[in-house]
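**Student:** sequence plus predicted model, see below.
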Amino acid sequence: MERKILVVGSSHTAVIAKAAAGVDNVNALWVKNPKRDDGPGDITIQQASEAVAALTPSDILAITWVGTYHNIFGLAQHEQPFDFFEPDSSEEPDLTRELIPYGTLHRQFAMTTGRDVVTRKIGGNTKAKVVLLATPPVKGDDDFIRAKLKLKNYRGQSIDEVGVTPASIRAKLWRLEMRCVESYCIDINAEFLPVPDAAFTDEGFLRTDLYGSDATHANVKYGAMVVEQLLHLKRGQAIQSA
(Lines give C-alpha, C1' and ligand atoms only; values in the text may rest on other atoms or scores of the structure.)
Protein backbone atom coordinates (compact mmCIF):
# COMPACT_ATOMS: atom_id res chain seq x y z
CA MET A 1 0.00 0.00 0.00
CA GLU A 2 1.30 3.46 -0.94
CA ARG A 3 2.46 5.54 2.00
CA LYS A 4 0.17 8.55 2.55
CA ILE A 5 0.97 12.08 3.70
CA LEU A 6 -1.70 14.13 5.47
CA VAL A 7 -1.05 17.75 6.43
CA VAL A 8 -3.43 19.42 8.87
CA GLY A 9 -3.17 22.70 10.68
CA SER A 10 -3.50 26.46 10.68
CA SER A 11 -3.81 28.94 7.83
CA HIS A 12 -0.25 28.17 6.71
CA THR A 13 -1.68 24.86 5.48
CA ALA A 14 -3.60 26.61 2.68
CA VAL A 15 -0.57 27.11 0.40
CA ILE A 16 0.59 23.54 1.06
CA ALA A 17 -2.85 22.32 -0.02
CA LYS A 18 -2.61 24.27 -3.29
CA ALA A 19 0.91 23.00 -3.93
CA ALA A 20 -0.14 19.41 -3.18
CA ALA A 21 -3.10 19.46 -5.57
CA GLY A 22 -2.61 16.59 -8.00
CA VAL A 23 0.22 14.99 -6.01
CA ASP A 24 -0.66 11.36 -5.37
CA ASN A 25 -1.27 10.37 -1.74
CA VAL A 26 -0.62 13.88 -0.40
CA ASN A 27 -3.52 15.78 1.13
CA ALA A 28 -3.57 19.01 3.15
CA LEU A 29 -6.49 20.37 5.17
CA TRP A 30 -6.82 23.71 6.94
CA VAL A 31 -8.25 23.20 10.42
CA LYS A 32 -10.72 25.82 11.54
CA ASN A 33 -10.13 27.92 14.63
CA PRO A 34 -11.65 25.94 17.53
CA LYS A 35 -13.32 29.13 18.72
CA ARG A 36 -14.93 29.73 15.30
CA ASP A 37 -16.13 26.64 13.49
CA ASP A 38 -17.93 28.95 11.05
CA GLY A 39 -14.66 30.68 10.14
CA PRO A 40 -12.22 29.94 7.31
CA GLY A 41 -10.80 26.45 6.92
CA ASP A 42 -11.65 22.99 5.62
CA ILE A 43 -12.40 20.90 8.71
CA THR A 44 -12.99 21.19 12.44
CA ILE A 45 -10.58 19.85 15.03
CA GLN A 46 -12.92 16.94 15.66
CA GLN A 47 -12.99 16.11 11.95
CA ALA A 48 -9.21 16.38 11.83
CA SER A 49 -8.92 13.93 14.73
CA GLU A 50 -11.16 11.49 12.90
CA ALA A 51 -9.15 11.85 9.67
CA VAL A 52 -5.81 11.17 11.34
CA ALA A 53 -7.21 8.16 13.19
CA ALA A 54 -7.56 6.41 9.83
CA LEU A 55 -3.83 6.72 9.05
CA THR A 56 -1.56 3.69 9.35
CA PRO A 57 1.86 3.43 11.04
CA SER A 58 3.54 3.74 7.63
CA ASP A 59 1.80 7.05 6.86
CA ILE A 60 2.99 10.56 7.74
CA LEU A 61 0.94 13.15 9.60
CA ALA A 62 2.32 16.69 9.31
CA ILE A 63 0.89 19.34 11.63
CA THR A 64 1.28 23.10 11.42
CA TRP A 65 -0.30 24.82 14.39
CA VAL A 66 2.23 26.16 16.88
CA GLY A 67 4.89 28.65 15.83
CA THR A 68 3.06 31.92 15.25
CA TYR A 69 3.56 33.54 18.65
CA HIS A 70 6.52 35.58 17.37
CA ASN A 71 4.09 37.60 15.25
CA ILE A 72 1.65 38.11 18.10
CA PHE A 73 4.46 39.09 20.43
CA GLY A 74 6.70 41.09 18.16
CA LEU A 75 5.26 42.13 14.79
CA ALA A 76 3.94 45.49 15.99
CA GLN A 77 6.39 47.69 17.85
CA HIS A 78 5.95 47.40 21.63
CA GLU A 79 5.30 50.58 23.62
CA GLN A 80 8.66 49.87 25.26
CA PRO A 81 10.98 49.04 22.34
CA PHE A 82 13.12 46.02 23.24
CA ASP A 83 15.94 43.85 21.96
CA PHE A 84 17.93 40.90 23.29
CA PHE A 85 21.19 39.03 22.96
CA GLU A 86 20.86 35.86 20.90
CA PRO A 87 23.03 32.89 21.96
CA ASP A 88 25.73 31.85 19.50
CA SER A 89 25.33 35.09 17.52
CA SER A 90 27.90 37.81 16.97
CA GLU A 91 25.17 40.36 16.25
CA GLU A 92 25.00 43.09 18.87
CA PRO A 93 21.53 44.16 20.06
CA ASP A 94 20.34 47.75 19.80
CA LEU A 95 21.47 49.25 23.10
CA THR A 96 19.07 52.19 22.74
CA ARG A 97 16.28 49.69 23.44
CA GLU A 98 15.31 47.93 26.63
CA LEU A 99 17.33 44.71 26.82
CA ILE A 100 15.37 41.62 27.85
CA PRO A 101 17.32 38.57 29.09
CA TYR A 102 17.19 35.73 26.58
CA GLY A 103 16.19 33.29 29.31
CA THR A 104 13.13 35.40 30.15
CA LEU A 105 11.96 35.39 26.55
CA HIS A 106 12.71 31.69 26.17
CA ARG A 107 10.60 30.81 29.20
CA GLN A 108 7.72 32.90 27.88
CA PHE A 109 7.82 31.33 24.42
CA ALA A 110 8.32 27.80 25.75
CA MET A 111 5.38 28.23 28.14
CA THR A 112 3.15 29.48 25.32
CA THR A 113 4.14 26.57 23.08
CA GLY A 114 3.58 24.08 25.88
CA ARG A 115 0.00 25.28 26.36
CA ASP A 116 -0.90 23.98 22.91
CA VAL A 117 -3.71 21.45 23.05
CA VAL A 118 -4.66 21.23 19.37
CA THR A 119 -1.45 19.54 18.26
CA ARG A 120 -1.60 17.13 21.19
CA LYS A 121 -5.21 16.23 20.44
CA ILE A 122 -4.68 15.66 16.73
CA GLY A 123 -1.26 14.04 17.00
CA GLY A 124 -2.32 11.83 19.87
CA ASN A 125 -5.10 10.27 17.83
CA THR A 126 -3.01 8.60 15.12
CA LYS A 127 -0.68 5.68 14.55
CA ALA A 128 1.16 7.56 11.79
CA LYS A 129 4.57 9.18 12.06
CA VAL A 130 3.97 12.72 13.36
CA VAL A 131 6.00 15.73 12.24
CA LEU A 132 5.57 19.39 13.19
CA LEU A 133 6.26 21.91 10.46
CA ALA A 134 8.22 25.06 11.12
CA THR A 135 6.35 28.23 10.25
CA PRO A 136 7.81 30.39 7.45
CA PRO A 137 10.64 32.77 8.34
CA VAL A 138 9.79 36.43 8.86
CA LYS A 139 9.75 38.89 5.99
CA GLY A 140 12.63 41.33 6.03
CA ASP A 141 10.83 44.12 4.16
CA ASP A 142 9.25 46.29 6.84
CA ASP A 143 7.63 48.57 4.24
CA PHE A 144 5.88 45.54 2.72
CA ILE A 145 4.52 44.54 6.12
CA ARG A 146 3.27 48.04 6.92
CA ALA A 147 1.50 48.18 3.57
CA LYS A 148 -0.13 44.76 3.99
CA LEU A 149 -1.39 44.95 7.54
CA LYS A 150 -5.17 45.16 7.34
CA LEU A 151 -6.31 48.76 7.71
CA LYS A 152 -2.80 49.38 9.05
CA ASN A 153 -4.04 48.01 12.33
CA TYR A 154 -2.70 44.90 14.06
CA ARG A 155 -4.35 43.43 17.14
CA GLY A 156 -5.83 46.76 18.16
CA GLN A 157 -2.66 48.75 17.53
CA SER A 158 -2.29 51.43 14.88
CA ILE A 159 0.76 50.49 12.84
CA ASP A 160 1.00 54.09 11.62
CA GLU A 161 1.49 55.15 15.23
CA VAL A 162 3.52 52.35 16.79
CA GLY A 163 5.39 51.05 13.72
CA VAL A 164 6.76 47.59 12.99
CA THR A 165 9.42 45.88 15.10
CA PRO A 166 12.70 45.94 13.12
CA ALA A 167 13.21 42.88 10.94
CA SER A 168 16.39 41.76 12.70
CA ILE A 169 14.57 41.54 16.04
CA ARG A 170 11.56 39.79 14.51
CA ALA A 171 13.90 37.22 12.96
CA LYS A 172 15.49 36.56 16.35
CA LEU A 173 12.05 36.06 17.88
CA TRP A 174 11.15 33.61 15.11
CA ARG A 175 14.37 31.63 15.65
CA LEU A 176 13.70 31.57 19.39
CA GLU A 177 10.22 30.22 18.82
CA MET A 178 11.42 27.56 16.40
CA ARG A 179 13.88 26.34 19.06
CA CYS A 180 10.97 26.07 21.49
CA VAL A 181 8.84 24.21 18.95
CA GLU A 182 11.70 21.80 18.25
CA SER A 183 12.03 21.10 21.98
CA TYR A 184 8.27 20.69 22.22
CA CYS A 185 8.46 17.93 19.62
CA ILE A 186 10.47 15.84 22.06
CA ASP A 187 7.68 16.17 24.63
CA ILE A 188 4.98 14.95 22.23
CA ASN A 189 7.04 12.31 20.40
CA ALA A 190 7.06 14.16 17.08
CA GLU A 191 9.73 15.12 14.57
CA PHE A 192 10.49 18.77 13.81
CA LEU A 193 10.55 19.66 10.11
CA PRO A 194 12.58 22.85 9.63
CA VAL A 195 12.18 25.48 6.95
CA PRO A 196 13.76 24.45 3.63
CA ASP A 197 17.29 25.87 3.40
CA ALA A 198 16.57 27.42 0.01
CA ALA A 199 13.71 29.53 1.43
CA PHE A 200 16.08 31.86 3.29
CA THR A 201 17.88 34.96 2.11
CA ASP A 202 21.53 35.31 3.08
CA GLU A 203 20.36 37.52 5.97
CA GLY A 204 18.02 34.85 7.33
CA PHE A 205 14.68 36.20 6.11
CA LEU A 206 12.06 34.67 3.84
CA ARG A 207 12.97 35.15 0.17
CA THR A 208 10.87 37.91 -1.39
CA ASP A 209 9.67 35.64 -4.21
CA LEU A 210 8.14 33.41 -1.52
CA TYR A 211 6.10 36.18 0.12
CA GLY A 212 2.38 35.60 0.50
CA SER A 213 -0.06 38.42 -0.11
CA ASP A 214 -0.21 39.51 3.54
CA ALA A 215 2.22 40.38 6.30
CA THR A 216 2.91 36.91 7.67
CA HIS A 217 2.15 34.10 5.22
CA ALA A 218 4.25 32.51 2.49
CA ASN A 219 3.00 31.65 -1.02
CA VAL A 220 2.31 28.50 -3.03
CA LYS A 221 5.90 28.38 -4.25
CA TYR A 222 6.95 28.02 -0.61
CA GLY A 223 4.21 25.44 -0.11
CA ALA A 224 5.71 23.40 -2.96
CA MET A 225 9.07 23.41 -1.19
CA VAL A 226 7.43 21.99 1.95
CA VAL A 227 5.63 19.33 -0.09
CA GLU A 228 8.98 18.32 -1.57
CA GLN A 229 10.42 18.05 1.95
CA LEU A 230 7.57 15.75 2.94
CA LEU A 231 8.08 13.60 -0.15
CA HIS A 232 11.77 13.27 0.78
CA LEU A 233 10.68 12.20 4.26
CA LYS A 234 8.27 9.72 2.74
CA ARG A 235 11.11 8.22 0.69
CA GLY A 236 13.27 7.98 3.79
CA GLN A 237 15.69 10.67 2.62
CA ALA A 238 17.38 13.08 5.01
CA ILE A 239 15.95 16.56 5.49
CA GLN A 240 18.56 19.29 5.84
CA SER A 241 17.96 22.11 8.28
CA ALA A 242 19.14 25.68 8.00
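**Tutor:** Yep, that arrived.

**Student:** next, give phi and psi for Leu206.
**Tutor:** When read as degrees, to the nearest 10, the backbone of Leu206 gives phi -70, psi 130.

**Student:** what helix or strand is the residue lying closest to Tyr69 once chain neighbours are set aside located in?
**Tutor:** Leaving aside its sequence neighbours, Tyr69 sits nearest to Thr112 (C-beta to C-beta, 6 or more residues apart in numbering; 5.0 Å). Quick note: C-beta positions are derived from backbone N, CA and C, even for glycine. Using DSSP states H and E, Thr112 maps to helix 102-114.

**Student:** helices and strands around that helix, which ones?
**Tutor:** On a contact count with 3 or more C-beta pairs under 8 Å, 6 or more residues apart in numbering; DSSP states H and E, helix 102-114 meets helix 69-74, helix 167-187.

**Student:** turn these into a markdown table, including mean neighbour count, mean pLDDT and distance to Trp30.
**Tutor:** Below are the helices and strands packed on helix 102-114 laid out as a markdown table (neighbours: other C-beta atoms under 10 Å; pLDDT from 0 to 100; distance: least, C-beta to C-beta, whole Å):
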| stretch | mean neighbour count | mean pLDDT | distance to Trp30 |
| --- | --- | --- | --- |
| helix 69-74 | 19 | 95 | 18 |
| helix 167-187 | 20 | 97 | 19 |
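
**Student:** what distance do you get for the nearest residue to Asn153 once chain neighbours are set aside to Ala199?
**Tutor:** Distances taken as C-beta to C-beta, 6+ apart place Ile159 nearest to Asn153, at 6.5 Å, with adjacent residues excluded. Going from Ile159 to Ala199 by C-beta to C-beta, to the nearest Å gives 25 Å.

**Student:** which residues of this protein score low on pLDDT?
**Tutor:** 1, 37, 150-151, 155, 237-242 (pLDDT under 70).

**Student:** where do the strands of it begin and end?
**Tutor:** Remark: strands assigned in the chain by DSSP state E are 5-9, 26-30, 60-64, 82-83, 98-99, 129-133, 153-154, 157-158, 191-193.

**Student:** residue contacts, the residue nearest to Asn153?
**Tutor:** Applying C-beta atoms under 8 Å, 6 or more residues apart in numbering, we find Ile159 in contact with Ala76, Arg146, Leu149, Lys152, Asn153.

**Student:** Val117: which of the strands of the chain is closest?
**Tutor:** Among the strands of the chain, strand 60-64 comes nearest to Val117, with 12.5 Å by C-beta to C-beta.

**Student:** quick one: the strands of the chain as JSON lines, columns for distance to Gln229 too.
**Tutor:** As requested, the strands of the chain are exported to JSON lines (distance: least, C-beta to C-beta, whole Å):
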{"stretch": "strand 5-9", "distance to Gln229": "10"}
{"stretch": "strand 26-30", "distance to Gln229": "11"}
{"stretch": "strand 60-64", "distance to Gln229": "9"}
{"stretch": "strand 82-83", "distance to Gln229": "32"}
{"stretch": "strand 98-99", "distance to Gln229": "36"}
{"stretch": "strand 129-133", "distance to Gln229": "9"}
{"stretch": "strand 153-154", "distance to Gln229": "30"}
{"stretch": "strand 157-158", "distance to Gln229": "35"}
{"stretch": "strand 191-193", "distance to Gln229": "6"}
